[in-house]
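S.K.: Build me a model:
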Amino acid sequence: MKAPVIYVPGNHEFYHHDIALIDELKAEAADNVHVLNDDQVIIDGVRFLSISAIIHPVSLAEDGV
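M.R.: This next block holds a predicted model:
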């Protein structure tokens, strides 16, 4: 079994590219590769989260996160 890989795109992936690039990356990723963008994956009971925008910490606290 291949080790899981978590790929979280950053701002460099979007230079000179359309945001649809993320959908392409997800579609072409191997089974063990998790492309996260405003998404989550749970691996061995550990939840990995990603966001694409900067959120003020107070907003997170108000949402109970």
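S.K.: quick one: the helices in this structure?
M.R.: With DSSP state H, the ranges of helices along the chain come out as 21-28, 57-62.
S.K.: Mind checking the pLDDT average for the first one?
M.R.: Read that as helix 21-28. In this model, helix 21-28 has an average pLDDT of 88.
S.K.: repeat for stretch 48-60
M.R.: In this model, stretch 48-60 has a mean pLDDT of 66.
S.K.: Just give me the neighbour total for Q40.
M.R.: As a burial measure, Q40 scores 10 neighbours (other CB atoms under 10 Å). For every residue, glycine as well, the C-beta is placed using N, CA and C.
S.K.: before we move on, what about K26?
M.R.: Residues lying near K26 (other CB under 10 Å) number 15.
S.K.: Make sure it is actually in contact with L36.
M.R.: No - counting by CB atoms under 8 Å, K26 stays clear of L36, with 9.1 Å between them.
S.K.: Strands of this protein, start to end?
M.R.: Along the chain, the segments classed as strands by DSSP state E run 5-7, 33-35, 40-43, 46-49.
S.K.: Make TSV from the ones you listed and add distance to A20 to it.
M.R.: Converted to TSV, the strands of the chain look like this (distance: least, CB to CB, whole Å):
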stretch	distance to A20
strand 5-7	16
strand 33-35	13
strand 40-43	21
strand 46-49	22
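S.K.: Mean neighbour count, these: which tops it?
M.R.: Compared across the strands of the chain, strand 33-35 shows the largest average neighbour count, a mean of 18 (mean count of other CB atoms under 10 Å).
S.K.: Need the residues that contact that one.
M.R.: Strand 33-35 is contacted by residues P4, V5, I6, Y7, P9, I22, L25, K26, A29, V41, I43, F48 when judged by CB atoms under 8 Å, 6 or more residues apart in numbering.
S.K.: Report the mean per-residue pLDDT for that strand.
M.R.: 95.
S.K.: Direction included, what does it pair up with?
M.R.: According to DSSP bridges, strand 33-35 forms sheet pairs with strand 5-7 (parallel).
S.K.: Quick one: mean pLDDT for the partner strand?
M.R.: 95.
S.K.: Residues touching it, excluding its own?
M.R.: With CB under 8 Å, 6+ apart, strand 5-7 has contacts from L25, A29, A30, N32, V33, H34, V35, L36, V41, I43, F48.
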